[in-house]
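K.L.:
just the structure for this:
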Amino acid sequence: MGEIKDIKDRESLEAWLNALPQDTEEEQATARRIAMAIAFRAVARVLPVWWEHTLSDKYMRNQGSTALPALRRLHISYVAIQLQSVALKRAGINATAGHGLAGRSKASLVNNAIVIAAIASTGKATTISFACDACHEAAQAMDNKFLTDAFWKNLHLDASVLLDLYEDDAEAHNFSYRPLWQNERPMESLWFSIYSKLRETGQTERWGFWLDWYNRLLVGNAPANTSSAMVQIALIPEKVWHDEHRVLARIQEIWQIVRAKEVIDANPLGQKVGRDERSGKLYSSPIDQRDLSDLVDDLRRALRSFLSNSKKNGGNFGTVIVGAFDPHIKELRKRISASKGDARELLRAVEDSKRAFSLVAKDHGASHDVYVDRLITQLDNTADGICVAAPEVLEEIKARRAVQFHRISAHRIQLALRMSAGMAFDSQGDLKDAVSYATLCIASPDCSDEEKAAAWTFLTAALPRGAKLIHDAGEDGADGSKDPSVIDTVVGYADKANKLDKGVDAIQEAVAEGGPWVTEAYTQMMSGNFWGIGFGG
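P.N.:
Below is the predicted model:
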């Protein structure tokens, strides 16, 4: 077999692929997968050239042409690397029929390379090398020497890494964990242009899956090409693909469930919940990871700031508040020092202090005091940060809440369903999907005990955060008795998940009583008894 370092053009790549061991059926399958993965990654690197062309070229726009056919072909080639089936081959043939373009422009070269890669299900070296060569020519057409040099450098790296991966077959499906480009990203400005144009025309949600999928490929966090969602998208019936609006909606439905599960399964205390000022809806995003020393420093500053501001600006009321909080603040400071960086001890100290501070505030009529609110918020942020920085603490919390779920009363589950249905209506994006799916999962007989426990853990983290934000804005949240959308949101989600029986009946029964969910949640929070997790917990 030729040396990987000898790969410098189409002929040398083809020679190297042909020299891969192929004496047995297993070796032939491995050689095919390596070849297809190389072609896929080469084509994916230059995809932005074609995508941007469909958005900026006047003729393409007038014809109503978009990047969808090319994206479909690329996606099929992605799934076919690991999976071979009659249905998938048929989908590949349908996707590539009549989509080649004449000409030598950089855009047409990329499109033709995508077509070639999509039909290369056999993994033949000649077809693969031609696909890569077309990509290289497209890179050359961009008149960017760095891009041209980086193309073969990254292809070399792919060949080396893929060869190692397929020697350990258990890891072979993880080839997509690597970023498309090593170090520099020569297509970054073009990719940003694509996103900007879609955003300006209000199409980012419509193209959400494709934007998310390609961005994950870029950074090396792509979903496994054998995952259920990836296969479902590749095998969407041909007649659906002929209706762009319909197929994009169908893809979003498939992807929404995946994203909802990801948000639920991810660190539930590492999801920052915010409120969009324009829409008034809640949203979530990951919390940045920080080390414990930073978190402790921030907490100490927050304690000093609370005491100082309350004394300066609170008058007689401030003096009373400081006196009431002072012993609990001293106790927290002692426990911070005693924890000596132990994440579990620090979290316990913060949780106990949140509970004590909230009860003191309630007893002294200071629950809405701005300085008290800032301090409680800082404690919440510190608790979240500890869970992100120390995964072992998070696992302990997950296990504890899983036990709590199995011990929780039916009445409290009904309360949770009612509140989460309201929160689903008051949310948007990934948060809306995750809350809706978690609500459905808890009520559905189709979900396993493990899935229900994960959903419960997520809701008991998300509900207090969302309720506090809406309460602070002087609102009560969705009123289930007046707005049928509260039920429709979750029932509609159930329809997507194909879980329409007793689970939906339970949700409808829970929501039917109505009542602002925020008031109910906030009452639980201020009691310090939000199902055993403390204020804001």
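K.L.:
how much space between the closest residue to Leu303 other than its chain neighbours and Asn381?
P.N.:
Leaving aside its sequence neighbours, Leu303 sits nearest to Ile329 (C-beta to C-beta, 6 or more residues apart in numbering; 5.5 Å). All C-beta atoms are positioned from the backbone trio N, CA, C, and that covers glycine. Distance of Ile329 to Asn381, computed by C-beta to C-beta, to the nearest Å: 17 Å.
K.L.:
swap in Leu88?
P.N.:
Distance, Leu88 to Asn381, by C-beta to C-beta: 47 Å.
K.L.:
go on, Asp369?
P.N.:
18 Å.
K.L.:
now Leu459
P.N.:
Taking C-beta to C-beta, one finds Leu459 at 20 Å from Asn381.
K.L.:
looking at those two, which one has more neighbours?
P.N.:
Taking neighbours as other C-beta atoms under 10 Å, Leu459 and Asn381 compare with Leu459 leading, 27 against 19.
K.L.:
all strands of this structure, in order?
P.N.:
Ranges of strands in the chain, per DSSP state E, are 271-275, 282-286.
K.L.:
mean neighbour count, distance to Leu68 and mean pLDDT added to these, as a markdown table?
P.N.:
Formatted as a markdown table, the strands of the chain follow (neighbours: other C-beta atoms under 10 Å; distance: least, C-beta to C-beta, whole Å; pLDDT from 0 to 100):
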| stretch | mean neighbour count | distance to Leu68 | mean pLDDT |
| --- | --- | --- | --- |
| strand 271-275 | 18 | 31 | 78 |
| strand 282-286 | 18 | 27 | 80 |
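K.L.:
those: which one's closest to Gln203?
P.N.:
Between Gln203 and the strands of the chain, the tightest spacing by C-beta to C-beta is seen for strand 282-286, at 19.1 Å.
K.L.:
Ala31 against Ala19, yeah?
P.N.:
No. Ala31 lies out of contact with Ala19 (C-beta atoms under 8 Å); the separation is 9.4 Å.
K.L.:
name the single longest helix found in this structure.
P.N.:
Secondary structure assigned by DSSP state H gives helix 25-56 as the longest helix of the chain.
K.L.:
distance between that one and the chain's centre?
P.N.:
Between the centre of helix 25-56 and the centre of its chain there are 24 Å (C-alpha atoms, centre = their mean, to the nearest Å).
K.L.:
same for that helix, what does it pack against?
P.N.:
helix 10-18, helix 58-62, helix 68-80, helix 106-119, helix 125-141, helix 145-167, helix 188-200, helix 208-219 (3 or more C-beta pairs under 8 Å, 6 or more residues apart in numbering; DSSP states H and E).
K.L.:
number of residues surrounding Ala234?
P.N.:
That count, for Ala234 with other C-beta under 10 Å as the rule, works out to 22.
K.L.:
look up phi and psi at the closest residue to Tyr177 other than its chain neighbours.
P.N.:
Distances taken as C-beta to C-beta, 6+ apart put Gly220 closest to Tyr177, at 5.4 Å, once the chain neighbours are dropped. Main-chain dihedrals, Gly220, degrees, to the nearest 10: phi 90, psi 30.
K.L.:
tell me which helix or strand of this protein sits lowest on mean pLDDT?
P.N.:
Lowest mean confidence among the helices and strands of the chain (mean pLDDT, DSSP states H and E): helix 485-497, at a mean of 50.
K.L.:
any idea how far stretch 332-347 is from the chain center?
P.N.:
32 Å.
K.L.:
report the rounded mean pLDDT for it.
P.N.:
For stretch 332-347, mean pLDDT is 87.
K.L.:
can I get the CA coordinates of that stretch in PDB?
P.N.:
Provided in PDB are the C-alpha atoms of stretch 332-347 (Å, rounded to 0.1, in the frame of the first residue of the first chain):
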ATOM      1  CA  LEU A 332     -22.000  30.600  54.400                       C
ATOM      2  CA  ARG A 333     -18.600  32.200  54.400                       C
ATOM      3  CA  LYS A 334     -17.400  29.700  57.000                       C
ATOM      4  CA  ARG A 335     -18.600  26.800  54.900                       C
ATOM      5  CA  ILE A 336     -17.000  28.200  51.700                       C
ATOM      6  CA  SER A 337     -13.700  28.200  53.500                       C
ATOM      7  CA  ALA A 338     -14.200  24.800  55.000                       C
ATOM      8  CA  SER A 339     -15.100  23.200  51.700                       C
ATOM      9  CA  LYS A 340     -11.500  23.700  50.500                       C
ATOM     10  CA  GLY A 341     -12.600  23.400  46.900                       C
ATOM     11  CA  ASP A 342     -14.700  20.300  47.400                       C
ATOM     12  CA  ALA A 343     -17.500  20.700  44.900                       C
ATOM     13  CA  ARG A 344     -20.000  18.600  46.800                       C
ATOM     14  CA  GLU A 345     -19.500  20.500  50.100                       C
ATOM     15  CA  LEU A 346     -19.600  23.800  48.300                       C
ATOM     16  CA  LEU A 347     -22.900  23.000  46.500                       C
END
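K.L.:
ok, and what's touching it?
P.N.:
Contact with stretch 332-347 is made by 292-293, 295-296, 299-300, 303, 348-350, 352-353, 383, 386-387, 389-390, 392-393, 396, as judged by C-beta atoms under 8 Å, 6 or more residues apart in numbering.
K.L.:
mind pulling up the pLDDT for Ile287?
P.N.:
pLDDT, read off for Ile287, is 69.
K.L.:
what do you get for Leu469?
P.N.:
Leu469 is assigned a pLDDT of 82 by the prediction.
K.L.:
how about it, what does it touch?
P.N.:
Val273, Gly274, Arg275, Leu282 are the contacts of Leu469 under C-beta under 8 Å, 6+ apart.
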